[in-house]
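J.: this one's sequence-less:
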């Protein structure tokens, strides 16, 4: 629990510094590189931990199959939801435009 509070505190402090513009331009220019290096390091460590765990390696293809199916259906239903919402919004916009034209 204390680690979670530490992570939240660091996040809040960073958000405060960013919103107030308290960081120097020099730091901001190096921030993207630093983030990428940290991300690659974390991925490397995760790969090591996966390689050590024999249970994960044994069920790797099963997990991969489940991940592909889950991703496919997530994308499919997201696209369908956006299309249906878009039609609803466009219908409302047409009604609104027609009422504006009648009033003019």
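T.: Okay, I see it. Small disclaimer: the values here were computed from a predicted structure and weren't measured. Residues are numbered from 1 along each chain as shown.

J.: can we go C-alpha only for contacts and neighbour counts from here?
T.: Will do.

J.: lowest average confidence, helix or strand, in this protein?
T.: Least confident helix or strand of the chain, by mean pLDDT, DSSP states H and E, is helix 54-58 with a mean of 80.

J.: so how far is it from its chain's centroid?
T.: When distances are taken as C-alpha atoms, centre = their mean, to the nearest Å, helix 54-58 is centred 27 Å away from the chain's centroid.

J.: centre of the chain to the helix or strand that it is followed by, how far?
T.: Toward the C-terminus, helix 54-58 is succeeded by helix 60-103 as the next helix or strand (DSSP states H and E). In terms of C-alpha atoms, centre = their mean, the centre of helix 60-103 is set 18 Å apart from its chain centre.

J.: so where's this protein shaky on pLDDT?
T.: Along the chain, the model assigns pLDDT under 70 to residues 97-104.

J.: and the least confident helix or strand of the chain, what does it pack onto?
T.: Judged by 3 or more C-alpha pairs under 8 Å, 6 or more residues apart in numbering; DSSP states H and E, the packing partners of helix 54-58 are helix 25-52.

J.: at 10 Å instead, please
T.: Contacts of helix 54-58 with other secondary structure elements, assessed using 3 or more C-alpha pairs under 10 Å, 6 or more residues apart in numbering; DSSP states H and E, are made with helix 25-52, helix 60-103.

J.: what does that helix contact?
T.: Taking C-alpha atoms under 10 Å, 6 or more residues apart in numbering as the criterion, the residues outside helix 54-58 that touch it are 49-51, 60, 62-63.

J.: stretch 26-43 too?
T.: Here stretch 26-43 makes contact (C-alpha under 10 Å, 6+ apart) with 18, 25, 44-49.

J.: now do stretch 66-75
T.: Residues outside stretch 66-75 that contact it (C-alpha under 10 Å, 6+ apart) are 60-61, 63-65, 76, 78-79, 81.
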